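> got a predicted structure here, sequence first:
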Amino acid sequence: MLGADMEISIDKSTEVEYPVLPEIKNRRSKRAYAATPVREETIRSLFEAARWAPSSMNEQPWVYIYAVADNHEVWNKIFDSLNDSNKIWAQHAPLLVVSLARKTQLRNGVINGAAKYDVGAANALLSLQATHAGLNVHQMGGYSKQMLISNLNIPETHEPVVVMAIGYPGDPESLNDNLKVRELAPRERYTQDFFVHTKSF
């Protein structure tokens, strides 16, 4: 029985314990970015990966707004919505992406309870495609939703989910000491014993 009163021992590991795709093993949420711009064809490959994500009733509720650093107007509108702690490092990202969820189903206008879940699935495929291309994706929930809605004129029919900073990995030495430590630390994950079970709660 997995009850609230049970003693929980949480084991963590920095190693991949079972075979997975290289893109899963190598994916990181880094904060140091190189100044190298991301080509339009590469950007479109990321969204093509997202396009083929699974979704409830095949509604495909994901919508993206993106800006490369040279598109100062839109890039700044996205960047300005970020929390200060994210601005410290995201200012160097050559590509910012806003992921949105369309709240209702196209077929009947009914609220789509799976919309944000489906956007998460699309973002996951986008991230793996980015890793395959040698890019880093750092997804952020630390932003002002109201500012982002205002800056980008997002209609009430859509809801922001996460903002993503994307680019080629840069030199960790460009980060402050605190962020550099986090950048260089190995990824740590709960072991499967913590979250995979063969019995009821």
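Arrived safely, thanks for sending. Residues are numbered from 1 along each chain as shown.
> mind listing the residues bridging to the residue minimising distance to the centre of the chain?
Nearest to the mean C-alpha position of the chain, by C-alpha atoms, centre = their mean, lies Gln139 at 3.1 Å. On the basis of DSSP bridges, Gln139 is bridged to Met164.
> now the longest helix belonging to the chain: how far from the chain's centre is it?
Ordering each helix of the chain by length in residues (DSSP state H) puts helix 115-132 first. Centroid separation between helix 115-132 and its chain, computed with C-alpha atoms, centre = their mean, to the nearest Å, is 7 Å.
> which elements pack onto it?
Applying 3 or more C-beta pairs under 8 Å, 6 or more residues apart in numbering; DSSP states H and E, we find helix 115-132 packed against helix 22-26, helix 40-51, strand 62-68, strand 95-102, strand 136-140, strand 158-167. Just so you know, the C-beta spots here come from the backbone N, C-alpha and C atoms, and that holds for glycine as well.
> relative to Pro186, which of these is closest?
helix 22-26 (12.0 Å; C-beta to C-beta).
> would you mind writing the CA trace of the closest one as CSV?
This file holds the C-alpha atoms of helix 22-26, laid out as CSV (Å, rounded to 0.1, in the frame of the first residue of the first chain):
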residue,chain,number,x,y,z
PRO,A,22,20.9,9.5,-27.1
GLU,A,23,18.8,12.6,-27.3
ILE,A,24,17.1,11.7,-24.0
LYS,A,25,20.4,10.9,-22.4
ASN,A,26,22.1,14.1,-23.6
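> quick one: list the elements packing against that helix.
Packing contacts for helix 22-26, counted by 3+ C-beta pairs under 8 Å, 6+ apart, involve helix 115-132.
> which ones are touching Val68?
37-38, 43, 75, 94-95 (C-beta atoms under 8 Å, 6 or more residues apart in numbering).
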